[in-house]
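1. A structural model of the following input is requested.
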Amino acid sequence: MPSSLWKRSNLFLAACAALLAQEQPLIRTGTQEILVDAVVRDKRGRIVHGLSQDAFVVTEDGVPQPITSWREVRVRRETAAPNPEDVRAKSGQQQQGANIRLTGQPRFVSLIFERLGPDGRRLAKQAALDFLDTDMGENVYYGVFVIQRRFHILQRYTNDRAALKRAVERATSMAPTDVANDNYALDRMAQAVGGSAGAGEAATNQAAAGGAPPQVNGGAMADEQAQRMVENASVFASMLTRDEVGHTAIVSLWAIVSEMAKVEGRKSILYFCEGMYFPESTVRKKDAMISAANRANVSIYVVDARGLTVSSDQTAANKMLEQAAALSRRSRNVETQSADLRAFDVSENSTRANLQMAMREVAESTGGSLIANTNDFRPSLRRLSEEFNTYYELVYRPTNPAYDGRFRAIKVEVKQPELTVQARSGYFALPPMKDQIVFPYEMPLLLALGQPSLPRTMEIRSNVIPYQFRDGLQQAALVFDLPLREITFTREPQGKLYRTHITVLALVKDERGEVVTKISRDVPLNEPAERVEQFRQGRFIVSRPFAVAPGRYTVEAAAMDHESGKVSARKGIFVVPAAKSVPLLSGLTLLRTLDKPAELRDPGDPFHLKQGRVVPTLQTQVRGGKGSVLSVFFSLYPQPEAPAPRLILDLLRDGKVLGRSEPPLPAPDERGAVPYIAHTPLDTVEPGQYEFRVTLVQGEQIGQQTLPIVIE
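-> Numbers count the residues shown, from 1 in each chain. Prediction:
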């Protein structure tokens, strides 16, 4: 996922956490118990009441499960508008952040409106307002959200009917964002894909191809951005737009699901959209999001706001297949591998272009349903309101307690004939990890890290780079670095493409073994034959900023090459000392490349600079000889009221200074930092082991860091 999108998802999740924490009591649930909401109907579609626990049979992967608790929930609904004075009193309590003590079974509904056109906004508005008139109750709390290119929280969870209606009016009056026609967004997405379909910082760049940065000795940071070209931008634009839409929908739902998991009661999402599309790059995340919803007991109901559609969604899939065929013909006629690559991607994604099928999958997999192919949503919404307010709550303890990352299929049946049950489909058996999302693809790597003897079949590196001390916490960056020269590529049956698939994971754990930060990526790729060798010369690099208190931490990392089955894991120690009163100087890291600036700059990320986004590397070998340059990145934090600081850069061998420079320092940025890239020419430097040393002198105080390197 693009870094800007991931950052926005974190911000949104934090916002959701804040608004839910302010208004609702939190619940602590046992990690080994599974809660399932089940709606039972007879053959005429009527809700069935009065069933006993013995009437239900719950199986997991076909194995019967003992039901530990059971109850039928019937929530009373209001038939008239609430007293305005009561509404104002409760609304005032919420604004003051007071905990609300609910007298009955609470219920939470998230209304989400995603990228609606004019007709969709009109239909969604009427449907949502009708539903609020039908469904509001004393202990029913709604939140209203909009998804465009950003997340918009229009209304915190409340039962203030008037406030909710105003939020729905706002949500359905916002014009959709046309990402494909946004030139800046197109450029950003084209830069991000770089022809590698999500490899991120896998260095398919000038350095990977054997190029070298400019020969500059100790100068201030320069703008080294390089414009990348993407062939046939219109086709890529369509594919990239779909990718971003799919990622946005998944992250949005996941953020809300994660926060709704922290409250008790019946929890539902009513998702208004004009279709869902999940390309290959998002399928694993989509499945994990559905599993998270099922573990959190959140049902997703999807409303197709296109209304009564004339043409089938299969038409879109057929058009994509026709486009793939055209691209394939072009690849044969003009012998261009890039067209053949796009033909493969378009053909593969055409199987997922049936937007209504994707909506149905998300809804029914979470125990919800799809409302579609109608311009009158009222009958379906009345049925939905029944399901929200009348259901059976079943709890069981799985007979298989292993966290193996596998999908566990849940099936709920009743022993009486001619009765149907609507319930969630299952979940992934993932371990709990405080304040972290666990993806199914991480399980093999978590298991590898838990082995007494760590496998080491590939070279992998992970480290924590310390930066500024702020508010008693060490600001740092977790970096994972995987050289790609050992990654296996397998020829596809078509013969022109090679596939590879890598998964990486890095963790920082405190002394109690709790994870304080985590980064992971799962990257399946298809590369044309002529790019494989260049790809092997690159590195897969990911980083994430975080902050921790002084203490001792463990850094764990693992990677898997799926084509060969190779797995590597390693562990290390990172110690955060107490804050010192000397001029602050960050850790040092070699610079891999300087990418284009992120669309949304994260002030907490030391690698996000105005001039560009720094891609660090943990390798220690540097190529010497004519035209070679040593590039080291670090940040300085001089004290504002102390004497003017001096920066001293040294290259040492066997403790002896071979070269020194004292470049002038630019002014600190808005964070009080002086980010710096030091370039040292290596034309005449002999191969061997060296140290690069950075010293910051400010009055009588000195800060110093060294970086060992090997010049080849």
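2. residues contacting residue 585?
-> By C-beta atoms under 8 Å, 6 or more residues apart in numbering, the contact list for residue 585 reads 634, 635, 636, 637, 694, 696, 703, 704, 705. For glycine as for every other residue, the C-beta is placed from the backbone atoms N, C-alpha and C.
3. go through these and flag which are in strands.
-> Residues of those located in strands (DSSP state E): 634, 635, 636, 637, 694, 696, 703, 704, 705.
4. and for the first one, the neighbour number?
-> I take that to be residue 634. For residue 634, the tally of surrounding residues (other C-beta atoms under 10 Å) stands at 24.
5. so it sits against residue 692, correct?
-> No: contact criterion C-beta atoms under 8 Å: residue 634 and residue 692 do not qualify, at 9.8 Å.
6. joint contacts of these two?
-> 588, 678.
7. any idea which element residue 379 lies in?
-> Residue 379 belongs to helix 378-389 when assigned by DSSP states H and E.
8. low-confidence regions, the chain specifically.
-> Residues of the chain meeting the criterion pLDDT under 70: 1-31, 75-105, 137, 149, 175-246, 281, 309-354, 435, 580-583, 598-601.
9. in it, which spans are helices?
-> For the chain, the helices defined by DSSP state H cover 3-23, 84-95, 118-135, 161-171, 183-193, 233-260, 283-295, 314-334, 337-350, 355-365, 378-389, 443-449, 529-536.
10. look up how far residue 636 lies from residue 538.
-> For residue 538, the distance to residue 636 equals 30 Å [C-beta to C-beta, to the nearest Å].
11. next: residue 55.
-> Distance, residue 55 to residue 636, by C-beta to C-beta: 70 Å.
12. same check on residue 693?
-> Distance of residue 693 to residue 636, computed by C-beta to C-beta: 14 Å.
13. tell me which of these two has more neighbours.
-> residue 636 (23 against 17).
14. give me the nearest residue to the more buried one, chain neighbours excluded.
-> Once flanking residues are discounted, residue 636 sits nearest to residue 674: 4.1 Å by C-beta to C-beta, 6 or more residues apart in numbering.
15. didn't the one you found look like it was pressed against residue 639?
-> No: Residue 674 lies out of contact with residue 639 (C-beta under 8 Å); the separation is 12.0 Å.
16. for these two, indicate the residue with more neighbours.
-> The neighbour count for residue 674 versus residue 639, taken as other C-beta under 10 Å, is higher for residue 674 (21 against 15).
17. next, the contact list for that one, please.
-> Contacts of residue 674 (C-beta under 8 Å, 6+ apart): 635, 636, 637, 638, 665, 666, 667, 668.
18. got the contact list for residue 465?
-> Counting by C-beta under 8 Å, 6+ apart, residue 465 makes contact with 476, 477, 479, 586, 587, 589, 606, 616.
19. do the same with residue 73
-> Applying C-beta under 8 Å, 6+ apart, the residues contacting residue 73 are 105, 266, 389, 390, 391, 392, 393.
20. can you tell me how far it is from residue 107?
-> Between residue 73 and residue 107 the distance, using C-beta to C-beta, works out to 9 Å.
21. shared neighbours of the two, anything?
-> Listed as contacting both residue 73 and residue 107 by C-beta under 8 Å, 6+ apart are 266, 389.
22. ok, back up a step: relative to residue 306, which of the contacts of residue 585 is nearest.
-> Using C-beta to C-beta, residue 635 comes nearest to residue 306 of the contacts of residue 585, at 50.2 Å.
23. run a quick neighbour tally on that closest one.
-> Residue 635 sits with 25 neighbouring residues when counted by other C-beta under 10 Å.
24. residue 293 contacts residue 257, correct?
-> Yes: contact criterion C-beta under 8 Å: residue 293 and residue 257 qualify, at 4.8 Å.
25. overlap in contacts, these two.
-> Joint contacts of residue 293 and residue 257 (C-beta under 8 Å, 6+ apart) are residue 269.
26. please report how far the closest residue to residue 395 other than its chain neighbours lies from residue 408.
-> The shortest distance from residue 395 to any non-neighbouring residue, by C-beta to C-beta, 6+ apart, is to residue 69 (4.4 Å). Computed with C-beta to C-beta, the distance linking residue 69 and residue 408 is 19 Å.
27. for these two, indicate the residue with more neighbours.
-> residue 408 (19 against 12).
28. quick one: residues contacting that one.
-> Contacts for residue 408 (C-beta under 8 Å, 6+ apart) come out as 60, 61, 398, 400, 426, 427, 428, 429.
29. which one of the residues you listed is nearest residue 528?
-> Of all the contacts of residue 408, residue 428 has the smallest distance to residue 528: 33.7 Å, by C-beta to C-beta.
30. that closest one reaches residue 405, doesn't it?
-> Yes: under the criterion of C-beta under 8 Å, residue 428 makes contact with residue 405 at 6.2 Å.
31. anything in contact with each of the two?
-> With C-beta under 8 Å, 6+ apart, residue 428 and residue 405 have common neighbours residue 440.
32. wait, doesn't residue 109 sit right on residue 269?
-> Yes: using C-beta under 8 Å, residue 109 is in contact with residue 269, at 7.4 Å.
33. more neighbours, those two?
-> The neighbour comparison of residue 109 against residue 269 (other C-beta under 10 Å) goes to residue 269, with 26 against 23.
34. and the more buried one, bridged to which residues?
-> Beta-bridge partners recorded for residue 269 (DSSP bridges): residue 110, residue 300.
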